[in-house]
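Asker: Have a look; sequence and predicted model below, questions after that.
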Amino acid sequence: MKDLAYLNKFFYKYRWRLIPGILFVIISNIFAVLPAQVIRVAFDLVTENIGAYQLFAGFNRQSMIYDIFGSSLTLFGALVLLLALLRGLFLFFMRQTIILMSRHIEYDLKNEIYEHYQLLSLAFYRRHNTGDLMNRVTEDVSRVRMYLGPGIMYTINTVVLFILVIYAMLTVNVRLAILSVLPLPILAGIIYYVNNVINYRSEQIQERLSALSSFVQENFSGIRVIKSYVREGFVRKSFATESENYKTHSMALVKVQALFYPIMLLLVGLSNVITMYVGGVEVMKGNITSGNIAEFIVYLNMLSFPVISLGWVTSLIQRAAASQKRINEFLHETSDIESPKNVPAHIIKGAIEFNNVSFTYPDTGIQALKNVSFTVEPGQMVAIIGRTGSGKSTIANLVMRMYDTTAGNIGIDAIDVKQLGLENYRSQIGFVPQEVFLFSDTIANNIAFSADVLDMPVVEQTARDAAVYSNIIELKKGFETLIGERGVTLSGGQKQRVSIARAIFKHPQILIFDDCLSAVDTRTEEEILSNLGRVMQNKTSIIISHRISTIKNADKILVLDNGEIVEHGNHEYLMQLKGTYFELYEKQLLEEEQDA
């Protein structure tokens, strides 16, 4: 329960829903107990009046006794109905307070988790997969809500009902009360054990179903490859194996449930048999009346559901505690990147300085940069080139402060980047990632992602600057075209250009291109770079690329190899050195000639 203690702050916040809810539980259970006593009186009345009715056989008084008897039973029936209606009314109020409270807490908890996710650094997202992050904010929160709502409601209901019913039974006959409830603790123990088995097997079924769904999704996504390699038969057999596995686990659960319900009904029935037998003996002794037996049977039936729900609620609380523990793990994680507080907003000019910067990725231990030093003046276009894994993208991540340096420091306008407010700083940077990500929205909203208000003239102009305007207007709905999940309705080059337009739309002081022109032809690339020179005038641009044709006109070129700057200068100077840059140029030139 120590993990669930985190939720106490929400109970305090919604105390004016919880406290009335508890009162409604108590009142509804009082109205639940009273009908049993009315039924006892009615049964005793029937027993007494049958004798009187038979005694006056053949007399006029017999009809009068019959009328009084019928009226009394009608009154008792109406009273039982009224008490049931009142109980139902307070049960409604109970659910409207406690269940609604659980929904409010669920809403708050999801928002708190999501807000905390937003604060965590990129390293956190590298350590955890997306599915796990989503499960904790959906599946785990739903399990916690079941504890907050039904769990608390049924627990309070069970405790109150037990106290009221057991007290009422003991006041009638102690011996009968003890003997009649003997099977119920056994029932509670069996339910607790079986519920754990059911939950365990249910989770196994969920895992099998998830695996089956993933298998189907993967194969439907890769149907072209499957057909190309004529592997339909193999895939069909694999699917049959997965289905068989799912069926086996499902059948195991059904067998447990098939035994569970008959045992449950047997023990409840046994309590009724004990009540009738022992109660009959007590009636013959004159200790109780026949109405008391009917009263006890009503009480036992009232206790059956709380006893059955006891095992379910216990299991539910255990699952909620496990889920809350998983949630707490993330909520207690702190970001590796902390923004300084109460820092005035700084308008960036675009000067960047790396001073002996080294960086090792915390999750893998790979050293990406080693003593890297360079400067970028405001308004310069700086290019970074190098082989795969040389540390190019790491420089981009460090400039945006997605990570902090392991050694050395980075200066922005002669200010340590750690001293700048993160939100203000990043709002002045435009970034086009290597792996383009577009949202399932219209093209216009994707381009204007950084703005709260859609300014269509600016959107159209940035689309022109990114050389994608003509492609967009050819679409049936133009800028209002829904591009689908991750931009699947666009080609690779179109997605890259929309992503470029999104970065330009911000009018950033620093613009970073992380190898984002790979799917663009040479002519379009030249048009984009030409527009970029105009748009980014007096602003800093960092272009990361594998292609020398992309960067040869840059003011400064940094050549990276194994995390170190091995050469730097402009295109002409680096060609004269006849070093790494020259080798890359010659190799790419040879490849272009072979392709031609």
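Answerer: The structure has been received and is ready for your questions. Numbers count the residues shown, from 1 in each chain.

Asker: what residues are up against the closest residue to Gln204 other than its chain neighbours?
Answerer: With Cβ to Cβ, 6 or more residues apart in numbering as the criterion, Gln204 has its nearest non-adjacent residue at 5.0 Å, and that residue is His249. (C-beta placed from N, C-alpha, C; glycine too.) When contacts are counted by Cβ atoms under 8 Å, 6 or more residues apart in numbering, His249 touches 201, 204-205, 208.

Asker: helix, strand or coil for His249?
Answerer: Per DSSP: H, G, I helix; E, B strand; the rest coil, the secondary structure class of His249 is helix.

Asker: for stretch 539-557, what is the average pLDDT?
Answerer: Summarised as a single mean, pLDDT over stretch 539-557 is 85.

Asker: For that stretch, which residues meet the burial criterion?
Answerer: Residues 539-554, 556-557 are the ones in stretch 539-557 that count as buried (16 or more other Cβ atoms under 10 Å).

Asker: Over to stretch 335-353?
Answerer: Burial within stretch 335-353, assessed by neighbour count using 16+ other Cβ under 10 Å, is assigned to 337, 339, 348-353.

Asker: my guess is Val382 contacts Ile543, does it?
Answerer: Yes - counting by Cβ atoms under 8 Å, Val382 does reach Ile543; the two are 7.3 Å apart.

Asker: any residues in contact with both of these two?
Answerer: Common neighbours of Val382 and Ile543 (Cβ under 8 Å, 6+ apart) are Ala554.

Asker: Please narrow the buried residues of stretch 539-557 to those residing in helices.
Answerer: Judged by DSSP state H, helices contain the following of the buried residues of stretch 539-557: 548-551.

Asker: Return the member of the residues you listed nearest to Ser214.
Answerer: Of all these, Ser214 sits closest to Thr550, with 38.2 Å by Cβ to Cβ.

Asker: Quick check: which ranges of the stretch 301-450 of the chain have low pLDDT?
Answerer: Across the stretch 301-450 of the chain, the ranges flagged by pLDDT under 70 are 311.

Asker: now do 80
Answerer: Along the stretch 301-450 of the chain, segments meeting pLDDT under 80 span 303-312, 314-315, 318-319, 363-364.

Asker: need the strands for it, in chain order.
Answerer: 352-360, 367-376, 381-386, 407-412, 415-416, 429-432 (DSSP state E, counting those that start in this stretch).

Asker: Arg103: which of those is closest?
Answerer: It's strand 429-432; of the strands of the stretch 301-450 of the chain, that one is closest to Arg103 (Cβ to Cβ) at 38.4 Å.

Asker: which strands and helices sit next to that closest one?
Answerer: With contacts defined as 3 or more Cβ pairs under 8 Å, 6 or more residues apart in numbering; DSSP states H and E, strand 429-432 has these neighbours: helix 492-505, strand 510-514.

Asker: Domain parsing of the chain, as residue ranges.
Answerer: Each domain of the chain is listed here as a residue range: 10-172, 346-428+508-596, 435-507, per automatic domain parsing.

Asker: nearest to Ile105, of the ones in helices among the buried residues of stretch 539-557?
Answerer: Among these, Thr550 lies closest to Ile105 (Cβ to Cβ), at 52.6 Å.

Asker: contacting residues for the nearest residue to the closest one once chain neighbours are set aside?
Answerer: Excluding its sequence neighbours, the residue lying closest to Thr550 (Cβ to Cβ, 6+ apart) is Leu517, at 5.6 Å. Counting by Cβ under 8 Å, 6+ apart, Leu517 touches 496, 525, 528, 545, 547, 550.

Asker: would you say Leu517 is within a strand?
Answerer: No - Leu517: not assigned to a strand; according to three-state DSSP it is coil.

Asker: shift numbering so it begins at 317
Answerer: From this message on, residue numbering opens at 317, which makes the last subject Leu833.

Asker: looking at it, Ile886 is touching Ala870, isn't it?
Answerer: To be clear, residue 886 is Asn; Ile isn't right here. Yes - look at Asn886 against Ala870 with Cβ under 8 Å: they come within range, at 7.3 Å.

Asker: would CSV of the domains of the chain with distance to Asn588 be doable?
Answerer: Below are the domains of the chain laid out as CSV (distance: least, Cβ to Cβ, whole Å):
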stretch, distance to Asn588
domain 326-488, 14
domain 662-744+824-912, 62
domain 751-823, 58
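
Asker: and Glu548, which of these is closest to it?
Answerer: domain 751-823 (24.2 Å).

Asker: about what we covered before: which two in the buried residues of stretch 651-669 are spaced the farthest apart?
Answerer: Farthest-apart pair in these is Ile653 and Lys665; separation 22.7 Å (Cβ to Cβ).

Asker: Next, count neighbours for Leu498.
Answerer: Neighbour count of Leu498, defined by other Cβ atoms under 10 Å: 12.

Asker: Which phi and psi values does it adopt?
Answerer: Backbone torsions of Leu498, given as degrees, to the nearest 10, read phi -60, psi -40.

Asker: Could you find the closest non-adjacent residue to it?
Answerer: The shortest distance from Leu498 to any non-neighbouring residue, by Cβ to Cβ, 6+ apart, is to Ile590 (7.1 Å).

Asker: Next: Val614.
Answerer: Ala352 is the one closest to Val614 (Cβ to Cβ, 6+ apart), at 4.0 Å.

Asker: before we move on, back to that, same list (the contacts of Leu833) but as TSV, adding distance to Tyr615.
Answerer: What follows is the contacts of Leu833, written out as TSV (distance: Cβ to Cβ, whole Å):
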residue	distance to Tyr615
Gln812	73
Glu841	83
Ile844	81
Ser861	81
Arg863	83
Thr866	83
